[in-house]
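Participant: coords please:
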Amino acid sequence: MSARVDRIVTSGVFALDGGEWEVDNNVWIVGDDSECLVIDAPHEADAIAAAVGGRTVTAIACTHAHNDHINAAVELASYVGAPILLNPADQVLWEQVYGSRPPDGTLEDGQELRVAGVSLQVLATPGHAPGAVCFYAPELGALFSGDTLFSGGPGATGRSYSDFPTIISSIRERLLSLPPETVVYTGHGDTTTIGDEAPHLQEWIDRGH
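Facilitator: Just a heads-up that it's a prediction; the model follows:
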């Protein structure tokens, strides 16, 4: 069976800089009936494991290390026996959740993850977090953008370890050059496409979003 993209939504608390916010997170599961890759592991390990079912999980790939994207990762890994992968530039955020317990492997720009016959290319897209990455699956016409790009604009950059000019550069240089029909599977909220977001880059810059 060919690879597909499944979504579940988990709910919990995003905590940073002394503040807490209730959030709903998208969890993307890429694979077929026998194996899959989990993108982000927020809040509810049991729910994610249930969505995986009996499939082999090749990896838990984290778009970044804000707590609301990784706080179920270690528990999920213990359930499914998969390595947790993270860009090392987000180690400072990882340690806020897990202390000295390291991720199991790294995600580097240009790295390729393969699952169910398709390739996911790792694109380094710092800005929302220093180690933020996106995953581009050309065979699926899909980009998994984490909190770098949403329907309506870039991810937030008003908190520690984030930077607005950097996220704008990441989006301009790494994402908007992808085919316009590419579906963007975001970390929160609705999907969009590269073609829908590309025309608004200057608007985002002008309002310092």
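Participant: So V74: helix, strand or coil?
Facilitator: Following DSSP: H, G, I helix; E, B strand; the rest coil, the label given to V74 is helix.
Participant: tell me the contacts of it?
Facilitator: Contact analysis of V74 by CB atoms under 8 Å, 6 or more residues apart in numbering lists 84, 98, 101. For glycine as for every other residue, the C-beta is placed from the backbone atoms N, C-alpha and C.
Participant: Pull out the buried members of those.
Facilitator: Using 16 or more other CB atoms under 10 Å as the burial test, the contacts of V74 include 84, 98 as buried.
Participant: Would you reformat the contacts of V74 as TSV and include distance to G146?
Facilitator: Formatted as TSV, the contacts of V74 follow (distance: CB to CB, whole Å):
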residue	distance to G146
I84	15
Y98	18
R101	22
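Participant: tell me which of the contacts of V74 is nearest to I60?
Facilitator: I60 lies nearest to I84 out of these, by CB to CB, at 4.8 Å.
Participant: doesn't T106 make contact with that closest one?
Facilitator: No: with contacts counted by CB atoms under 8 Å, I84 stays clear of T106, the gap being 10.4 Å.
Participant: Need the residues touching each of the two.
Facilitator: By CB under 8 Å, 6+ apart, no residue touches both I84 and T106.
Participant: quick one on the thing from earlier: looking at the contacts of V74, which one is closest to R4?
Facilitator: Within the contacts of V74, proximity to R4 (CB to CB) peaks at I84, which comes in at 22.9 Å.
Participant: tell me the pLDDT at the residue nearest to S151 when sequence neighbours are not counted?
Facilitator: Distances taken as CB to CB, 6 or more residues apart in numbering put T192 closest to S151, at 3.8 Å, once the chain neighbours are dropped. What the model reports as pLDDT for T192 is 98.
Participant: And for H209?
Facilitator: Predicted confidence (pLDDT) for H209: 50.
Participant: Show me the helices in this protein, by range?
Facilitator: 45-52, 67-70, 73-80, 91-98, 164-170, 194-197, 201-207 (DSSP state H).
Participant: quick one: C36 from A129, how far?
Facilitator: 25 Å (CB to CB, to the nearest Å).
Participant: higher neighbour count, these two?
Facilitator: Comparing C36 with A129 by other CB atoms under 10 Å, the one with more neighbours is A129, at 30 against 27.
Participant: just checking, that one touches S160?
Facilitator: No: counting by CB under 8 Å, A129 stays clear of S160, with 9.5 Å between them.
Participant: now what about the lowest-mean-pLDDT helix or strand in the chain, what contacts it?
Facilitator: Of all helical and strand segments in the chain, the minimum by mean pLDDT, DSSP states H and E falls on helix 201-207, at a mean of 90. The contact list for helix 201-207, computed with CB under 8 Å, 6+ apart, reads 153-154, 168, 171-172, 176.
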